[in-house]
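*Asks:* Next come a sequence and a model predicted from it.
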Amino acid sequence: MVTHSHSAEFIASLKAMVLEAVEKDAPPGGLGDDEPLFGPEARLDLDSLDALQVSMTIQQRFGVRMPDSKETRRALTSIAHLADHLVQAGKA
């Protein structure tokens, strides 16, 4: 469940981190908190290699290991889900 209780600063830092990790610019109008990062509806059009790069960046920055699992795929569905995952891991 997405709580939406994260600070705007934390959400903004996650967006910047993800965009930097995948070497892409924000889509027109900016990346939404609940916007899908992967899949046919995603404006960023990220692929599995991008997921690996984001996972590695999260591990380096937050010390949270992101193994290839359902939990990781769920955490990477959107910035809001990623924020929830990091809060639950005690890293935010």
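*Replies:* Perfect, thanks for sending it. Numbers count the residues shown, from 1 in each chain.

*Asks:* Which residues are in contact with residue 20?
*Replies:* residue 57 (CB atoms under 8 Å, 6 or more residues apart in numbering). (Glycine included, C-beta is placed from N, CA and C.)

*Asks:* Just confirm residue 24 is within a helix.
*Replies:* No - per DSSP: H, G, I helix; E, B strand; the rest coil, residue 24 lies outside any helix segment and is coil.

*Asks:* Low-confidence regions, the chain specifically.
*Replies:* 1-5, 92 (pLDDT under 70).

*Asks:* can you rerun that using 80?
*Replies:* Within the chain, the segments meeting pLDDT under 80 span 1-6, 68, 91-92.

*Asks:* you'd agree residue 72 is up against residue 64?
*Replies:* No - counting by CB atoms under 8 Å, residue 72 does not reach residue 64; the two are 9.9 Å apart.

*Asks:* to the chain's geometric centre, what's the distance from stretch 30-46?
*Replies:* 10 Å (CA atoms, centre = their mean, to the nearest Å).

*Asks:* which residues are in contact with it?
*Replies:* Residues contacting stretch 30-46 (CB under 8 Å, 6+ apart): 2, 4, 11, 15, 18-19, 22, 24, 27, 47, 50-51, 54, 76-80, 83.

*Asks:* CA atoms of that stretch as PDB?
*Replies:* Only the C-alpha atoms of stretch 30-46 are listed here, as PDB (Å, rounded to 0.1, in the frame of the first residue of the first chain):
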ATOM      1  CA  GLY A  30       7.900  15.800 -14.700                       C
ATOM      2  CA  LEU A  31       7.900  12.300 -13.300                       C
ATOM      3  CA  GLY A  32       4.700  11.600 -11.200                       C
ATOM      4  CA  ASP A  33       5.000  10.000  -7.800                       C
ATOM      5  CA  ASP A  34       2.600   7.100  -8.800                       C
ATOM      6  CA  GLU A  35       3.600   7.000 -12.500                       C
ATOM      7  CA  PRO A  36       4.700   3.600 -13.600                       C
ATOM      8  CA  LEU A  37       8.400   3.300 -14.200                       C
ATOM      9  CA  PHE A  38       8.200   0.100 -16.300                       C
ATOM     10  CA  GLY A  39       5.800  -1.500 -18.700                       C
ATOM     11  CA  PRO A  40       3.700  -0.300 -21.600                       C
ATOM     12  CA  GLU A  41       2.200   2.700 -19.700                       C
ATOM     13  CA  ALA A  42       5.500   4.000 -18.600                       C
ATOM     14  CA  ARG A  43       6.700   7.200 -20.200                       C
ATOM     15  CA  LEU A  44      10.300   6.500 -19.300                       C
ATOM     16  CA  ASP A  45      10.300   3.200 -21.100                       C
ATOM     17  CA  LEU A  46      12.700   1.500 -18.700                       C
END
